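A.B. asks: Got a sequence here, can you model it:
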Amino acid sequence: MSDKIKKLKEKDKENSYPFNNRELSWMDFNYRVLEEAHEKENPILERVKFLAITASNLDEFFMVRVAGLMDQVHSGYKKKDPSGLTPAEQLEKLIEKTHIFMDKQYSCLSRSIIPALKKHKLFFLKYEDMDDKLKEKCDSYFDNVLFPVLTPLAVDTSRPFPFLANKTLNIAVRLAKDSGDAFAVVQVPSIIPRFFEVSSENGRYFVMLEDIIKNNLNKLFQLYTIEAYADFRLTRDSDLDIDEEAEDLMVAIEKSIKKRQRGEPVRVEIAQKCDQALREFLVDMLKVNEGEIYEIPGPLDLTFLSKFGSIKGCDDLRFEPIKPVTPPADFYGYDDVFEAIREKDRLVHHPFESFDSVIRFVQAAAEDEDVLAIKQTLYRVSGNSPIVAALIRAAENGKQVTVLVELKARFDEENNIVWAKKLEKAGCHVIYGLQGLKTHCKILLVVRREEDGIRRYLHLGTGNYNDITARFYTDIGMFTCRESFGRDASSLFNVITGYSAPPEYLKMNVAPLGLRTFFESMVQREIANAKNDLPSGIIIKVNSMVDPDLISLLYDASRAGVKITLIVRGICCLIPGIEGVSENITVISIVGQLLEHSRIFKFENGGEPVVYIGSADWMQRNLDKRVELVFPVEDEDLKKRVFGMLDIMMNDTINARVQKSDMTYVMIDKRGKQPLNSQLEFYRLAKEALEEVKNDRQQPMFVPKESENN
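C.D. replies: Residues are numbered from 1 along each chain as shown. This next block holds a predicted model:
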């Protein structure tokens, strides 16, 4: 790296800059989540949940990213990524790092989590740890609940190895018979809770479902002697291959979803110290190589810990819940949401302020006789979405309702297909997105007839219209009825739903045709300001920082003297702190009680700072292959509020980690600093703002309607 940096100081002819590999950077992010599982100051059941999150993250990573690299290697693709690694080199490094990571997961479980649970009288028992009374209780549970559900599957010349769906937990069994070994497979039913509470005397005692099954296998295989058994779990390639030119996109996606369960194996987790004959049997049947096998020294599939972390009766072992402020201070005192938005732009910060403000906006539009039309994009919605229910109600009330439902939202395809069909049945115009692009922007347009003409009301945001994730994702939404925003919104929907040419937007910046250019121009302006001794600076908060062209531009800005702070939750391919390249760039990552999801872009702009929020991360897919939306916050009060959010996050001493030039992350040095948890601070501020508004009778805009005549 040192030789490379020397060349960079001289700005070599190739103008090459250092980049971290995307996949390895993602693994570093999952390490940061794992650190939260180790953190003893976190409540124990929250630590349990963090460990479950690392497992869930890793599953999806294998199903999509690792599977993609394997496809590239198998097809002979050898082009290097910006970090200089070929797909084969990436895969080699990734497999090595993943094996180490999974070892650390189970070390965390056995050496940290389990002992801490015991201190709170929560115990996981093995059969050998139980007395006869508890064993009898487990055996009875097997006989009465599990046995009727289980299906032992023999493997022989007439019964081939069964198809095993993605992520299912199974038990391989080796049996002794006269002619040699026999093999069978038993699937652990996912429809039954993974752990069984066997006793609550002097503590709470739990037994894993697979342990109960393994200790009763003789009831399933009565003809032969059981010689060995082992848990195993298969992860399959689950990235959809969709023909976007198909006549019916919904049908094409439905077919692809069915194929997802049948993708090629990319990882096999198997119990450590597995019987050698059983291991050879599984390798042969599953057609995997040694690098794809992960020996696990504990229970497979740690995602079950998510439900364990939510067991009843243990609220004192979890974070104090963040209960969203209702209504947000900006809407206090307004029965009429349209009146509130007419008076000024409104900003809501979720989950500290309730997502009900968004639901209420759609519901009001559905029932208001003066509302003529509603247009909305939906990327991920909940299983019982009040937003969708309100849109259906609006259509039933005769409104023109147009909804873009993104059917290609990864792992939400089935859910979105269900909602698309219900919306169509109710009479809504449903669009499935643009060919070759995912529609990821978050926008809701309400067209209303008023005394002075047609007025357009908007909600624009950084997060999905999902009332469930809005409880634990941090996101920002803005309501406005500014005419310039309304015109842009109408133009955007015309592009999405029809054959309109992309317009010259007045306020909005839209991918894939204009957003990259917008960001480039904003960074270049900061470079010019720095060179002209004008105030300059950049603060960006995103989930991922990957795009090599924009990262290179940030390196250029750093070399020009622009101070840059990046708040990047996950992947960051930029390397900060390199002398002569990125010494003016600071990268921090916030991992805490809530999942950071908002995207914010602040530019110093020569002393007149501007700020934008929106849906786009700095990744090639967001800028070039998606419909994304970034928009300015223009109301001065709201601008100050967003600036304050950034300041608080940059001063977080509890959840923040800073990235070093060697690409490792370390906790913020707390010495001489007041403890600050940015997420809890935002919650405090939201509650405080509402109390101030309630008590302040000098500002008419916040006075409850029932008090106006007092």
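
A.B. asks: The lengthiest strand in the chain pairs with which strands, parallel or anti?
C.D. replies: Longest strand in the chain by number of residues (criterion: DSSP state E): strand 225-236. Next to strand 225-236 in the sheet, as set by DSSP bridges, lie strand 169-177 (antiparallel), strand 265-271 (antiparallel).

A.B. asks: most packed of those strands?
C.D. replies: Among these, the stretch with the highest mean neighbour count (mean count of other CB atoms under 10 Å) is strand 265-271, at a mean of 21. (C-beta placed from N, C-alpha, C; glycine too.)

A.B. asks: Residue 159 and residue 225: what is the separation?
C.D. replies: For residue 159, the distance to residue 225 equals 19 Å [CB to CB, to the nearest Å].

A.B. asks: cool, and residue 676?
C.D. replies: Distance from residue 676 to residue 225, by CB to CB: 63 Å.

A.B. asks: Among the two, which residue is more densely surrounded?
C.D. replies: A direct count of neighbours by other CB atoms under 10 Å for residue 676 and residue 225 places residue 676 higher, at 17 against 11.

A.B. asks: Could you pull up the residues touching residue 551?
C.D. replies: 17, 19, 545, 573, 574, 618 (CB atoms under 8 Å, 6 or more residues apart in numbering).

A.B. asks: tell me the pLDDT at it?
C.D. replies: pLDDT, residue 551: 98.

A.B. asks: repeat for residue 695
C.D. replies: Looking at residue 695, its pLDDT is 87.

A.B. asks: go on, residue 407?
C.D. replies: 74.

A.B. asks: That one contacts residue 418, correct?
C.D. replies: No - Residue 407 is not in contact with residue 418 according to CB atoms under 8 Å; the separation is 10.8 Å.

A.B. asks: Of those two, which one has the most company?
C.D. replies: Using other CB under 10 Å, the more surrounded residue of residue 407 and residue 418 is residue 407, with 24 against 14.

A.B. asks: Need the three-state assignment for that one.
C.D. replies: Secondary structure, DSSP: H, G, I helix; E, B strand; the rest coil: residue 407 is coil.

A.B. asks: For residue 381, see how far away it is.
C.D. replies: For residue 407, the distance to residue 381 - CB to CB - is 12 Å.

A.B. asks: overlap in contacts of the two?
C.D. replies: Residues touching both residue 407 and residue 381 (CB under 8 Å, 6+ apart) are residue 416.

A.B. asks: Any chance of TSV for the strands paired with strand 225-236, columns mean pLDDT and distance to residue 684?
C.D. replies: Formatted as TSV, those follow (pLDDT from 0 to 100; distance: least, CB to CB, whole Å):
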stretch	mean pLDDT	distance to residue 684
strand 169-177	93	42
strand 265-271	94	42
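
A.B. asks: so can I have a markdown table of those showing distance to residue 65?
C.D. replies: Listed next are the strands paired with strand 225-236 as a markdown table, based on distance: least, CB to CB, whole Å:
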| stretch | distance to residue 65 |
| --- | --- |
| strand 169-177 | 23 |
| strand 265-271 | 10 |
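
A.B. asks: What pLDDT is listed against residue 671?
C.D. replies: 86.

A.B. asks: What of the one 3 residues further on?
C.D. replies: The confidence metric pLDDT takes the value 91 at residue 674.

A.B. asks: list the contacts for the nearest residue to it once chain neighbours are set aside?
C.D. replies: Spatial nearest neighbour of residue 674, excluding adjacent residues (CB to CB, 6 or more residues apart in numbering): residue 653 at 7.4 Å. Residue 653 sits next to 668, 670, 673, 674, 675, 676, 677 when contact means CB under 8 Å, 6+ apart.

A.B. asks: just so I have it, where are all the strands in the stretch 51-200 of the chain?
C.D. replies: 122-125, 153-155, 169-177, 180-187, 195-199 (DSSP state E, counting those that start in this stretch).

A.B. asks: Partner strands of the fourth one, with direction?
C.D. replies: I take that to be strand 180-187. Applying DSSP bridges, strand 180-187 is found paired with strand 153-155 (antiparallel), strand 169-177 (antiparallel).

A.B. asks: With distance to residue 230 as new columns, can those strands be given to me in TSV?
C.D. replies: Converted to TSV, the strands paired with strand 180-187 look like this (distance: least, CB to CB, whole Å):
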stretch	distance to residue 230
strand 153-155	14
strand 169-177	5
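
A.B. asks: Which among those strands is found nearest to residue 664?
C.D. replies: The minimum distance between residue 664 and the strands paired with strand 180-187 falls on strand 169-177, with 34.1 Å, by CB to CB.

A.B. asks: Spell out, range by range, the strands that occur in the stretch 601-710 of the chain.
C.D. replies: 610-614, 626-632, 656-659, 665-667.

A.B. asks: so how far is the last one off the chain centroid?
C.D. replies: The chain centre lies 22 Å from the centre of strand 665-667; the measure is CA atoms, centre = their mean, to the nearest Å.

A.B. asks: Could you give me the buried positions within that strand?
C.D. replies: Going by neighbour count (16 or more other CB atoms under 10 Å), the buried part of strand 665-667 is residue 665.

A.B. asks: same question, stretch 81-99
C.D. replies: For stretch 81-99, the neighbour count (16+ other CB under 10 Å) marks 81-83, 85-87, 89-91, 93-95, 97-98 as buried.

A.B. asks: So residue 588, which state does it fall into?
C.D. replies: Relying on three-state DSSP, one would call residue 588 strand.

A.B. asks: which ones are touching it?
C.D. replies: 565, 566, 567, 568, 649, 650, 652, 656, 657, 658, 659, 668.

A.B. asks: can you redo these as TSV with distance to residue 637 and neighbour count?
C.D. replies: Formatted as TSV, the contacts of residue 588 follow (distance: CB to CB, whole Å; neighbours: other CB atoms under 10 Å):
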residue	distance to residue 637	neighbour count
565	23	19
566	26	22
567	22	25
568	28	25
649	19	25
650	21	17
652	24	21
656	27	21
657	32	19
658	31	16
659	33	24
668	30	17
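
A.B. asks: Distance to residue 313 for those - can I get that in CSV?
C.D. replies: CSV is the format used below for those (distance: CB to CB, whole Å):
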residue, distance to residue 313
565, 43
566, 42
567, 37
568, 38
649, 35
650, 39
652, 32
656, 33
657, 33
658, 39
659, 40
668, 35
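
A.B. asks: Which strand residues bridge the nearest residue to residue 286 once chain neighbours are set aside?
C.D. replies: Leaving out its chain neighbours, the residue that sits closest to residue 286 by CB to CB, 6+ apart is residue 265, at 5.5 Å. Counting by DSSP bridges, residue 265 forms beta bridges with residue 236.
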